[in-house]
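Trainee: Starting from these lines, generate the structure:
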Amino acid sequence: MDKLKISSVGGNNQYNCLISKDEGLGFVLGLLASEGSHCAIVRKREERHISISNKSRKLLEEFSSSFWKSFGCEVASRDIIKSKDGTYKINIGYNMLGYILEFAFDYKAERAWDKRIPGALLDAPEPCIKSFIRAFRLGDGSIHRQKYRIRFHTTSRHIVNGMTFLLLRLGIFSNIYEYRRKSPSHTAYEIRVESREYVKLLSEITSDFKEFGKKSQISGDRMPNMGGLVRKLRKSCRHLDEKIYKEFDFYGTENGRSISRPVFEKIISRIEKFSPDMEVLKSAKEAVQSDIYWDQVARIEDCGQPPYTIDIAVNPTENFIGGQGFIVLHNSDPILEDIEAALNTLRERLHLKADRKGYLAGPLMINDSGDEIDGTRMGSSGWAIPSNVEPEIIKLNSSADFVLVIEKDAVWQRLNEDKFWKKHNCLIITGKGQPDRGTRRIVNRLHTEFKLPVYVLTDADPWGYYIYSVIKQGSINLSFLSDRLGTPQAKFIGLTTQDVKKYKIASNVTIKLNQGDIKRTNEMLNYIWFKPKEWQHELKHMLEVGIKLELEALSSKSIRFISETYLPEKIAKKDFLP
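Mentor: This is a model prediction of the structure:
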């Protein structure tokens, strides 16, 4: 493959069949994606003519060199053309190159406000990403020497999301600013890196390091409300004379103003010579050496008592935590969902991991990254299901007859203690409430790879029924991954409100529906996955009797009623809801 070339019939240009995700490719895609370098793909009679223009001849020469190294072919026009408007232009290629860019690298020319980061970059090696960022900075970025900032400019929200993600992959935080331009009227964005530690990292990538001269490389962020700690620190000193004592008023510590991190370090270095209290000194050093990036709170609003859980959203990227060499992002982050959809993959394959919740026990042999694990020898705790359970990471070998997914951890522990999985040759899994992605994915794999029936056991309430629907159909937000996270053949084994009469469950262990339950049940009556007549009957029956009940209610019959009577009877009679 490394010796083969690809070309169109009658075409003069021949391109490498294997194109590495290296610095050359990163630079080419970075300059194509930046709005400062105008890339045009003109179609005439279904043929593409691709060109790029920029004000810098030197930049286009570097582009041509990178293109040759990466694609194994020179650009279509070897001479750089000077246009009447003072910009320089080169023709890159024609039809075949357009197909390669669009279908191999997920790049096609768009209007400026619709541009996206090429999908091939999102999981590229770091050298390729660094080269992309450098090219984008040269094509459509700027620096502010006095304020020690590096900025990227765009009118595309997609570019904002993608660039923020790439910076986070390199351990660099950015701030996003949105503003309206009057002429022509449109929204513009600025991706700004302004904390000095991150500017230092980024400037080495973008070749801007020398531009900032000898300015201090330590953080310039300000730490609010440190005045009280400074006052406490200086008052704890044993031999601090009045002159030195008053010196620190200069830093604004008396009125509680914010202090920059360098100034705070200077205060500590001066004051620790006067024997301060060691505990207070330790607190001050922990504050100044922390990895927290301080910023001012814009406003705090009272939103009243919400009916549902409040989720934090940071517009527009929703990124929460990043670090050197790894990324932790909010689970509902739209960037990650875009990446999964664009690459037709799971975020776990990109080494983006969520907290693990699920546990498993039963006849299952697991090869977890080379470690052999026997699911029947996990004691009372079971095997903790990791967030990444893809076949490349974890290999499964099961001899079970079915899979039982249990909402409640306490009920799972009861069944594990009773060795339910051994008596009935099954796997028991809990997601401890709403199951995480790893739990849903392993249930999907056990069904698709081993053809195991899946039964779901939850509370008899709207929230338990919804958990079942997520296991069966997948969630709405991740509907594009339903084939890998959902198990449509799953059956609901219980608990239902009709079981109260069927199993003579005492009324004193049932719970009256509240207004939130009633509202949620009425909503679920209209969901497409609760349209089967059996579910319509159950939901209407719940509203009619006005009660719900938890799985623990079965313990009112006996402590082992659920494992020795309820579940075996349901399975034997195939008494399931679809």
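Trainee: where in this protein is pLDDT low?
Mentor: Counting by pLDDT under 70, the low-confidence segments of the chain come to 35-47, 183-184, 213-225, 238-258, 290-299, 303-356, 474-483.
Trainee: domains for it, by residue range?
Mentor: 5-212, 222-288, 359-573 (automatic domain parsing).
Trainee: export those domains to a markdown table and tack on distance to Asp302?
Mentor: Using the backbone N, CA and C atoms, a C-beta is placed for each residue, glycine as well. Shown next, in a markdown table, are the domains of the chain (distance: least, C-beta to C-beta, whole Å):
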| stretch | distance to Asp302 |
| --- | --- |
| domain 5-212 | 25 |
| domain 222-288 | 22 |
| domain 359-573 | 21 |
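Trainee: Columns mean neighbour count and distance to Ile300 on top of those, output as JSON lines?
Mentor: Shown next, in JSON lines, are those (neighbours: other C-beta atoms under 10 Å; distance: least, C-beta to C-beta, whole Å):
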{"stretch": "domain 5-212", "mean neighbour count": "18", "distance to Ile300": "20"}
{"stretch": "domain 222-288", "mean neighbour count": "15", "distance to Ile300": "14"}
{"stretch": "domain 359-573", "mean neighbour count": "18", "distance to Ile300": "26"}
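Trainee: quick one, helices of the stretch 151-300 of the chain?
Mentor: Ranges of helices in the stretch 151-300 of the chain, per DSSP state H, counting those that start in this stretch, are 157-169, 196-206, 227-235, 242-247, 261-271, 278-288.
Trainee: Serialize these to TSV and add fields for distance to Lys422.
Mentor: Shown next, in TSV, are these (distance: least, C-beta to C-beta, whole Å):
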stretch	distance to Lys422
helix 157-169	45
helix 196-206	54
helix 227-235	58
helix 242-247	73
helix 261-271	59
helix 278-288	50
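Trainee: out of those, nearest to Ile385?
Mentor: Comparison of those against Ile385 by C-beta to C-beta identifies helix 157-169 as nearest, at 26.0 Å.
Trainee: got the angle for that closest one vs helix 196-206?
Mentor: 100 degrees (axes from the mean of the first three to the mean of the last three C-alpha atoms, to 10 degrees).
Trainee: what about helix 157-169, distance to the chain center?
Mentor: 12 Å (C-alpha atoms, centre = their mean, to the nearest Å).
Trainee: can you check stretch 169-184 too?
Mentor: Taking C-alpha atoms, centre = their mean, one finds stretch 169-184 lying 19 Å from the centre of the chain it belongs to.
Trainee: Need the nearest residue in space to Gly24, chain neighbours excluded.
Mentor: Ser70 (3.5 Å; C-beta to C-beta, 6 or more residues apart in numbering).
Trainee: What of Ile150?
Mentor: In space, Ile150 is closest to Val193, 4.8 Å off (C-beta to C-beta, 6+ apart).
Trainee: One more: Lys570?
Mentor: Ile493 (5.1 Å).
Trainee: Return the backbone torsion pair for that neighbour.
Mentor: Main-chain torsions, Ile493, degrees, to the nearest 10: phi -90, psi -20.
Trainee: check contacts around it.
Mentor: Applying C-beta atoms under 8 Å, 6 or more residues apart in numbering, we find Ile493 in contact with 404, 455-457, 567, 570-571, 575-576.
Trainee: Pull the most distant pair out of those residues.
Mentor: Leu404 and Asp575 (14.2 Å).
Trainee: In helices only, show me the contacts of Ile493.
Mentor: 567, 570-571 (DSSP state H).
Trainee: about what we covered before: which other helices and strands does the helix or strand the residue nearest to Gly24 falls within contact?
Mentor: Assigned by DSSP states H and E, Ser70 falls within helix 57-71. Judged by 3 or more C-beta pairs under 8 Å, 6 or more residues apart in numbering; DSSP states H and E, helix 57-71 is in contact with strand 15-16, helix 23-33, strand 47-54, strand 88-93, helix 126-140.
Trainee: any idea which helix or strand comes after the fourth one?
Mentor: Once strand 88-93 ends, the next helix or strand along the chain (criterion: DSSP H and E) is helix 95-99.
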